[in-house]
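In: Pasted the sequence and its predicted model underneath.
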Amino acid sequence: ETSDLQHNDYYADTIAAVMKKNHPLANRNSLSYEELVEYDLISDKNARHVEAMLQRSGGIAGKTGRYVVQLDSRNSAIRMAANGVGIYICTIKVAEAQSQNLDVAIIPLTNKWAKLRIKIISQSTFQPPLVQRLIDHLIHQHR
């Protein structure tokens, strides 16, 4: 419940599939998560928890992914995807930032839950001026 809190739009992003450019799905403009579960997936330390939450909430129906490797960092996961180990699922902003000079395709997912709106939520009552300036600065960084 956040009705008594101040909501500030921070940025928007989309979940995407990251894969080697010669992968059979790499030429697609978009994909659904359900299309990916037939292929080897790369997991980071949070992927299985997120997948379980999406299954419980009804966001993912049916089969879950087949993870062939689990890594501690996004950078390592994207490098594994670039080397053809499997498909890594992350946000487009993360994929673009971590995949410079790598031979990968970044394909957005079409699932409703794949569209993210990130907000900064804070108290709507008195805020010290420094806190409000920090929030304004953060919001300005993503415009």
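Out: Yep, it's here.
In: which ones are touching R74?
Out: Contacts for R74 were tallied using C-beta atoms under 8 Å, 6 or more residues apart in numbering; they are D44, Y88, C90, V94, Q98. The way it works is simple: take the backbone N, C-alpha and C, and place the C-beta from them, glycine included.
In: Report how many residues lie close to the residue nearest to K45 when sequence neighbours are not counted.
Out: Counting by C-beta to C-beta, 6 or more residues apart in numbering, K45 lies nearest to D72, which is 5.8 Å off, once chain neighbours are set aside. Counted with other C-beta atoms under 10 Å, residues neighbouring D72 total 9.
In: in its sheet, what does the helix or strand hosting Y88 sit against?
Out: Secondary structure assignment for Y88, by DSSP states H and E: strand 87-91. Paired strands of strand 87-91, with direction, are strand 5-20 (antiparallel), strand 40-44 (parallel) (DSSP bridges).
In: now the helices for this structure?
Out: Counting by DSSP state H, the chain has helices at residues 33-36, 47-57, 74-82, 92-98, 129-141.
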